[in-house]
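K.L.:
Provide a 3D model corresponding to the input given below.
(one chain, ligands or ions: 1)
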Amino acid sequence: MHGEVRSAGQSELQPGDIIFECPQCGKSLAIDVRGAGYIVRCPECQTEIQVPGTDTGLGAAGGLSEPATPPAGESHATDALLAEIDRLKHQQALDAERNRRISAELALIQAALDRLVGMLESTPASEKD
Ligand SMILES: [Zn+2]
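P.N.:
Below you'll find the predicted structure:
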């Protein structure tokens, strides 16, 4: 067997032992660290219990080892994205300045055209007299 579950109240605890409670009777139990994830039988009430896993990465056979993978790459990607946005904003600011000048020139041309059209349209009327 893989380690033996026993009452945790006794003095025979090993350094590394997993201490857990029986969910059925609440008794404190201890088992060798290699028993992590295994199904054991509570010596007190005979209930089958799954031994909780540990953080020691001992490859427990049980389904208790959570895939603790924080989205580390995500924040990195976000940083890169923010940098790219900053770059585009800067580029856009330059473009905006250029566009403002072009718009100003276009406005002058438009105003000149409007005046020209006004002159052409008003010419016959003023010649009426
Ligand atoms: Zn129990």
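
K.L.:
Please parse this protein into its domains.
P.N.:
6-50, 72-121 (automatic domain parsing).

K.L.:
Pull up the distance across the first one, start to finish.
P.N.:
Criterion CA to CA, to the nearest Å; first-to-last residue distance in domain 6-50 is 14 Å.

K.L.:
can you tell which of the domains of the chain is closest to the ion?
P.N.:
Taking CB to the ion, domain 6-50 is the member of those nearest to the ion, at 3.1 Å. C-beta here means a position set from N, CA and C on the backbone, and glycine is covered the same way.

K.L.:
Going along the chain, name the helices of the chain.
P.N.:
72-126 (DSSP state H).

K.L.:
I'd like to know the average pLDDT value across stretch 27-42.
P.N.:
Across stretch 27-42, pLDDT averages out at 92.

K.L.:
near the ion, which residues of the chain?
P.N.:
Cys22, Gln24, Cys25, Cys42, Glu44, Cys45, Thr47 (CB under 5 Å from the ion).

K.L.:
gap between the two ends of stretch 32-50?
P.N.:
Per CA to CA, stretch 32-50 runs 13 Å from first to last residue.

K.L.:
Tell me how far it lies from the chain's centre.
P.N.:
Offset of stretch 32-50 from its chain centre (CA atoms, centre = their mean, to the nearest Å): 36 Å.
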